[in-house]
Structures are given as structure tokens and as C-alpha cells.
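Peer 1: Starting from these lines, generate the structure:
(one chain, ligands or ions: 1)
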Amino acid sequence: MKGLLGDYHKLLSSFLDAGYEYSFFNNNIDQFGKIILRHDIDFSLENANRISFVEDSLGIKSTYFILLRSDFYNILSKSNFEIIRSLQKRGHKIGIHFDSSLYPDTNLVDGLNFEIDFFDHLFNEPVEIIAPHRPDKIFLENTISLGDISHTYEKKFFKDIKYISDSTGRFRFEKPHEFILSGENQSLQLNLHPIWYSTTSGSSPIEIVEHFLQVSNENLEKSMEQNFTDYSKTK
Ligand SMILES: [Zn+2]
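Peer 2: Below you'll find the predicted structure:
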């Protein structure tokens, strides 16, 4: 599968070829040779599902973090709910992509507990770690305590091991293949966003996003036709 940031299969297998072992956040992470593959699902579960099959073909398991209160997708829609269950059944882990901006600072932990109860009830998967969406200082500087819950910017996942992310559709700080070539073999957290690997319709992040919006609008229109007969007659 190809996308803006290249061939996804090739990217994942380059770490296998370099001797890396894919791991989860709750495993003990050695200083060398482990890679925690993380996905923040900001826009589309369908994109996440597509890349998950590439991982399956390589025997790789990763962790998918899902927004529970997104304006872009509904986790309870039939197709999305099935995708999440399917990720679980195929051995991937799922977790909460936590949007702290939804909760005033004083109620942040209450908001998180509300989402954890909801998530656990829906997916029967205990929450051990969350991935903050658009993380603010309290996460990046680790000035908040979430009790028993970990987050992906804790020192052991963010400072003690390498952190590589494609969050703006670019590898802004270090590119995975350059890191592998360096031969450091340091363990790392690789944070990849499914949208950048799911389409070649566009050669820049903005074009990819525009394409995504166009497809989303077409899907919305189909749903409107199915749910509002008068509208469907105009088509
Ligand atoms: Zn996010």
C-alpha cells in the first residue's frame, strides 16, 4: 500500500530487516531493538483498517488509539464498530486517543474517567495507556498524574527511547530510514497516522486532506440519499 509517505509495507519491513521486534506499550521495553508502533486515528477508521492488513501480512501488531468524541467519525456506526472489533480480534491493541480540549483543566481526570468507563464498556478492553490528541504541555512536560493510567508522552516512551512521528504528513525531525541507517538500533516509539499511507491522491498533506474531505462528502451524500427519499429523487 502506497501513500504520501511511501510504501507502508516497505517501511514496516525495513525495521524487521534491521532486526527490530515490534512490541506493545505494556511490554518491558529494552534500550535496543524494540519498536512500539502507534497509530492516532484522527480522521478515519477505514484508513486505519486498510493499513492494519499490511501489518497482518507481516505478522506485526500495533496499537490503534481512537477518538471517542470525534467530529470526523462515529465509533458506534455499524462499519466503524466492526472495524474496531476486527482490530481487536486480529490481535492489535486499541486505546483512547484522548482529546483533553473537551474538558476544562480542572475536570480533565473526570473527563478521562468518563471516557475510560465508556471505552471499557463498549470494547471490553481495559485501558492502561492513552495517547493524547494534540498534546498540550501537561502531557509533553509530564506535569499531570493520571493515577494508574499511562500516556504515550511519558519519559519512558518519549525521552528514554527514540520518538519518530509523521503527525503533519512529514517526518519533521528524523526520517525512519535515516534512523535505521544510523545503525544505533535504539528502541523507538513510531507514531504513524493512517491517513498518510492510505491514498496516493495527492502529493502534499493538504492535497491528501482535500481528497479525504471530498470522499467523506460523497459518502455523506450517499447516506443522505438512503435516509431522505426526497433528496434521493433529486439525484
Ligand atoms: Zn490526534
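
Peer 1: any idea how the chain splits into domains?
Peer 2: Domain segmentation of the chain under automatic domain parsing yields 2-200, 205-235.

Peer 1: Pull out the buried positions in the last one.
Peer 2: When burial is assessed from 16 or more other C-beta atoms under 10 Å, domain 205-235 yields the following buried residues: 205, 208, 211, 212. (C-beta placed from N, C-alpha, C; glycine too.)

Peer 1: Let's have these in JSON lines, adding pLDDT, distance to residue 88 and secondary structure.
Peer 2: Supplementary listing: the buried residues of domain 205-235 in JSON lines, determined by pLDDT from 0 to 100; distance: C-beta to C-beta, whole Å; DSSP: H, G, I helix; E, B strand; the rest coil:
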{"residue": "205", "pLDDT": "93", "distance to residue 88": "30", "secondary structure": "helix"}
{"residue": "208", "pLDDT": "92", "distance to residue 88": "28", "secondary structure": "helix"}
{"residue": "211", "pLDDT": "93", "distance to residue 88": "29", "secondary structure": "helix"}
{"residue": "212", "pLDDT": "93", "distance to residue 88": "25", "secondary structure": "helix"}
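
Peer 1: and the residue in the chain positioned nearest to the ion, what does it touch?
Peer 2: Taking C-beta to the ion, the ion has its nearest neighbour within the chain at residue 133, 3.6 Å off. Neighbouring residues of residue 133 by C-beta atoms under 8 Å, 6 or more residues apart in numbering: 40, 42, 67, 97, 98, 99, 100.

Peer 1: what's the closest non-adjacent residue to the third one?
Peer 2: The shortest distance from residue 67 to any residue that is not its chain neighbour, by C-beta to C-beta, 6 or more residues apart in numbering, is 4.7 Å, and that residue is residue 97.

Peer 1: what's the answer for the last one, then?
Peer 2: Take residue 100 and drop its neighbours on the chain: the residue closest to it by C-beta to C-beta, 6+ apart is residue 108, 5.6 Å away.
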